[in-house]
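K.L.:
3D, please:
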Amino acid sequence: MDIRSLTEVQAYEILKHYLGENSYILYLKKQYITDNNFKLTKQQATYITQNKDFKERQINKIVEISNYLGDQLKSQHELNHKPERILVESLMGTTEKTFHVKVKLHKNDITKTIWLPKSQISEDLLKKEVEIDVDWSKYDHRPPMEYQKEGIVRLLQNDRYILAFTMGLGKTLVSILAALESGAERILVVCPASLKLNWKKEIAHYWDINDVAIVDSKSEWIPKKFNIINYDILHKYHDLKDPKKSKIIEHKIDLVIADEAHFLKEKSARRTKTFNAFARIPQRVWLLTGTPITNKPLDLFNLLSICNHPLANDWMMYAKTYCNAKRIRIRNRFIWNMSGSSNLDELHRRTKNVMFRKKKEDVLDLPKKMIIPLYFELNDKKGYHSAVKEYIEWRKEQGKNISPNNKLVQLSVLRRFVAENKVESSIEIANKALEEDKKVIIFTNYTGILQKFVDYYKDSCVYLDGSMNSKQRQQAVDSFQEDPNIKVFVGNIVAAGTGITLTRGQVSIFNDLHFTPAIHMQAEDRNHRYGVEQDITIYYPLFEDTVDTTVYNVLNKKKHIIDLAIEGINVEEENSSALSEIINDIERDLGLNIYN
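P.N.:
Presented below is the predicted three-dimensional model:
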């Protein structure tokens, strides 16, 4: 009895009436007509049904292939060399796992028809090039740099893509402008909780801030054009067991931007499972990370899977090829060790079509020193408001005639409270830089906070404070400059802000702010010295709606302080002016302007 599947029945019917141009289907048709014993395989039947209307497409592109496929082609076609790339002349058809193509295996070769595994090549042959035309004049108020424009175009050309700019190159800006240009009606930004506020502020430079929603687990999510959510609460809005209740699906998200996408590297993590589940639905998913591979090539696998990259079709093949996977025995059972790496050049070649990488040293038009404020939300708002209340009561008791220095003493409670709560945010920024193999400098005003950083980084850091003699200071500097194991320098902003050179540090972080603009500028220049080749990034973590942002805004307005030494302005007079302005602005923000 001849039992055929529905696909096979359809395939035989197609062969009877096929008038197309596909040479392989025509070959099968001839076999079917002339050979009474001819039977289609399941693969052939599937190919016929899927490609009966497929018209041969001219490709004429050189495509890089894997070492494994190179070995296979060398053996099958008796080549004298192993090809690393082949010329794909045309695409005849496609299956789930292969392309049916006409190729030349080397320059002087005759055209051959072969099956090309999708997992073994670096290109999606079905993908069409998209021309992107952006009117950049719309963004003249905050224009993107040339390399950022290139990143915007890359995102717009690819529905699923990895933007792998290193820290400080503007991944946020690039994705915001690309989102606006994409025509997406509803955008979901997924990021660590500490970055939600910063995303909102960045979006506000280009879009109505009232059309931006920060999603939390306590209040109802009213969708806007931009919706910002943190990884840790994704499961509250997309139930893996009951996707019908998914708010993410209900709100018809058509673009997802995942910031710090390396948070999704662990396949077993709940946030990864949740993200993977709903990320299949939107048309566009863009992944942002400066460290797509944080420790080992296996870290990249899930990101490739989200991007529907063919390398992610076969987990074991990926592990064996790029993770140097080895089967090892532990007691009475065997496990796979996939913590290694192998064939990294090939991995780079085969993923560059889905990933745009830029490092600072690659960007010629980048300023030598970038100053970047990063906004965070203060968790202990109750404690902060209590400290504010104490200052207000003290201020009202004193009346008008109080010197700025007396006010400064009382404000120190508020400043110290903010500085203490900011340590975690500063460590987060520092750790990102350390993942990119950059040395980090951290400045603070307080000895106790300095010690917190030292306790955290232990033997990988040195410190410098006002109690150290010149020999101890120099020893700390030399260790940071010369010892590759010393990754972090923690300094008191005054004691370490002058007279030392820290050119090995590529990233500086100001955990808390001094009231004197000149001290900040001097500290910023510890690693921004004559002859330094690498670009310097300076981060100011800030708590929104606190004295923190008030002080920073005044310091930022005082940029002409850079000209102090050149123009001979009296430093003390300038500092006094800045101090008074800072305190007046703080008191105005606290509702105490009536006493100024």
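K.L.:
okay, now the domains of this protein?
P.N.:
Taking automatic domain parsing as the criterion, the chain consists of the domains 1-55, 56-128, 144-362, 369-595.
K.L.:
Return the distance of residue 535 relative to residue 147.
P.N.:
Residue 535 is 12 Å from residue 147, where distance means CB to CB, to the nearest Å. All C-beta spots, glycine's among them, are computed from the backbone N, C-alpha and C.
K.L.:
Just tell me which of the domains of the chain ends up closest to residue 135.
P.N.:
Nearest to residue 135 among the domains of the chain is domain 144-362; the distance by CB to CB comes to 9.1 Å.
K.L.:
State the phi and psi torsions of residue 165.
P.N.:
Residue 165 has phi and psi values of phi -70, psi 140 when expressed as degrees, to the nearest 10.
K.L.:
Now do the contacts for it.
P.N.:
Contact analysis of residue 165 by CB atoms under 8 Å, 6 or more residues apart in numbering lists 151, 171, 174, 288, 290, 356, 357, 358.
K.L.:
Residue 511: which of these is nearest?
P.N.:
Distance to residue 511 across the contacts of residue 165 (CB to CB) is lowest for residue 290, with 21.1 Å.
K.L.:
To which secondary structure element is the closest one assigned?
P.N.:
Per DSSP states H and E: residue 290 is located in neither a helix nor a strand.
K.L.:
And for it, the neighbour number?
P.N.:
A count of nearby residues for residue 290, using other CB atoms under 10 Å, gives 23.
K.L.:
Relative to residue 461, how far out is it?
P.N.:
As judged by CB to CB, residue 290 and residue 461 stand 22 Å apart.
K.L.:
if I've got this straight, residue 87 is in a helix?
P.N.:
No - counting by DSSP: H, G, I helix; E, B strand; the rest coil, residue 87 falls outside a helix, being strand.
K.L.:
residues near the residue lying closest to it once chain neighbours are set aside, how many?
P.N.:
Among residues not flanking residue 87 along the chain, residue 104 sits closest, at 4.4 Å (CB to CB, 6 or more residues apart in numbering). Per other CB under 10 Å, the neighbour tally for residue 104 reads 16.
K.L.:
And the pLDDT at residue 104?
P.N.:
Note for residue 104: predicted pLDDT of 91.
K.L.:
so who does it touch?
P.N.:
So residue 104 contacts 86, 87, 89, 110, 111, 112 (CB under 8 Å, 6+ apart).
K.L.:
Drop anything exposed from those residues.
P.N.:
Among those, those buried by neighbour count (16 or more other CB atoms under 10 Å) are 86, 87, 89.
K.L.:
By mean pLDDT, flag the weakest helix or strand of the protein.
P.N.:
One helix or strand of the chain scores below all others by mean pLDDT, DSSP states H and E: helix 564-567, with a mean of 25.
K.L.:
Need the three-state assignment for residue 99.
P.N.:
Assigned state for residue 99: strand (three-state reduction, three-state DSSP).
K.L.:
How much space separates it from residue 484?
P.N.:
From residue 99 across to residue 484, the span is 46 Å (CB to CB).
K.L.:
Looking at the two, which one has more neighbours?
P.N.:
Neighbour count, other CB under 10 Å: between residue 99 and residue 484, residue 99 has more, with 24 against 8.
K.L.:
For the more buried one, give me the pLDDT.
P.N.:
Predicted confidence (pLDDT) for residue 99: 91.
K.L.:
Setting aside sequence neighbours, what's the nearest residue to it?
P.N.:
Excluding the flanking residues, the one nearest residue 99 by CB to CB, 6+ apart is residue 116, at 4.4 Å.
K.L.:
buried sites along stretch 181-198?
P.N.:
181-182, 184, 186-191, 194-198.
K.L.:
Would you verify that residue 207 is located in a helix?
P.N.:
No - counting by three-state DSSP, one finds residue 207 to be coil, located in no helix.
K.L.:
can you start the count at 441 instead of 1 from here on
P.N.:
Sure, I'll start numbering at 441, so the last one becomes residue 647.
K.L.:
Now do the same contact list for it.
P.N.:
Listed by CB under 8 Å, 6+ apart, the contact set of residue 647 reads 616, 620, 665, 666.
K.L.:
from memory the third one sits against residue 626, does it?
P.N.:
The reference is to residue 665. Yes - at 6.4 Å, residue 665 counts as touching residue 626 under the criterion of CB atoms under 8 Å.
K.L.:
and residue 499, which of the three is it?
P.N.:
Put simply, residue 499 is strand when judged by three-state DSSP.
K.L.:
do the same with the one 5 residues further on
P.N.:
Reducing the assignment at residue 504 to three states with three-state DSSP gives strand.
K.L.:
That one pairs with what?
P.N.:
Taking DSSP bridges, one finds residue 525 as the beta-bridge partners of residue 504.
K.L.:
Spatially, and excluding backbone neighbours, which residue is closest to residue 811.
P.N.:
Leaving out its chain neighbours, the residue that sits closest to residue 811 by CB to CB, 6+ apart is residue 978, at 4.8 Å.
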